[in-house]
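In: sequence and predicted model, in that order:
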Amino acid sequence: MNDDIFIREARPDDIPEIVRQRRAMYEDMDYNDADLLTAMANTSAAYLADAVSAGTFREWFAVSGQRIVGGGAVIISPWPSHPYDGQCRRATILNVYVYPQHRKKGIGRRLMQTMVEWCRKENFAHVSLHASRDGRRLYEALGFEPTNEMKLKLK
């Protein structure tokens, strides 16, 4: 593990870095249409301007020296309560990304542990995520399990 890495929470002025990592994450998953990626970056930036300030989008960065080397986020969504959880909200982890030259050093694991611990402190009953092929092993090692979620593509 990299001892010179520290984790910090993102601020509203970090939105360009959040968008940069989101775009890079999709590029790593072989989304190559530059026009669609630019449109996604623009709409994400507009969304994040409100959501970061409102606290419904929480981001953490892994930092080495003065350089951000990775990040990950928790989005808090309004949601009807369940019998096992009386809260009307749910947590989803997304945008977990480490720049290629910093991978395989435990940074993604530290980001995930930070976000999971934050969710515990916030008293969420569970947290979910959508796993990329590359991230699945890490998430399973941290105790994440497949669910019964299904999806229907409308576009």
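Out: Structure received.
In: ok, longest strand in this structure?
Out: strand 67-78 (DSSP state E).
In: each with direction, which strands does the next helix or strand after it pair with?
Out: Of the helices and strands lying after strand 67-78 in sequence (DSSP states H and E), the nearest is strand 89-98. Strand pairing for strand 89-98, determined by DSSP bridges: strand 67-78 (antiparallel), strand 127-129 (parallel).
In: how about strand 89-98: buried residues?
Out: Arg90, Ala91, Ile93, Leu94, Asn95, Val96, Tyr97, Val98 (16 or more other CB atoms under 10 Å). All C-beta atoms are positioned from the backbone trio N, CA, C, and that covers glycine.
In: equivalent analysis for stretch 30-44, please.
Out: Within stretch 30-44, the residues scored as buried using 16+ other CB under 10 Å are Leu37, Met40, Ala41, Ser44.
In: if we can go back for a sec, what's the most buried one of the strands paired with strand 89-98?
Out: Among the strands paired with strand 89-98, strand 67-78 has the highest mean neighbour count (mean count of other CB atoms under 10 Å), at a mean of 19.
In: in CSV, list the C-alpha atoms belonging to that one.
Out: Extracted in CSV, the C-alpha atoms of strand 67-78 (Å, rounded to 0.1, in the frame of the first residue of the first chain):
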residue,chain,number,x,y,z
ARG,A,67,-1.6,15.4,-7.3
ILE,A,68,-5.0,13.7,-7.3
VAL,A,69,-4.4,10.1,-8.3
GLY,A,70,-7.9,8.7,-8.0
GLY,A,71,-11.4,9.2,-6.6
GLY,A,72,-14.8,7.7,-5.9
ALA,A,73,-18.2,9.0,-5.0
VAL,A,74,-21.4,8.2,-3.0
ILE,A,75,-24.6,9.5,-4.4
ILE,A,76,-27.5,9.8,-1.9
SER,A,77,-30.9,9.4,-3.5
PRO,A,78,-34.4,9.8,-2.1
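In: outside of that strand, which residues touch it?
Out: Residues from elsewhere that reach strand 67-78 (CB atoms under 8 Å, 6 or more residues apart in numbering): 5, 10, 17-18, 21, 51, 55-63, 88-99, 102, 107-108, 111-112, 114-115, 118-119, 127.
In: what's the PyMOL syntax to select whichever of those residues are buried?
Out: Selecting only the buried entries of the contacts of strand 67-78 in PyMOL, with 16+ other CB under 10 Å as the criterion:
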select buried, resi 5+10+18+21+51+57+58+59+60+61+62+63+90+91+93+94+95+96+97+98+99+102+107+108+111+112+114+115+118+119+127
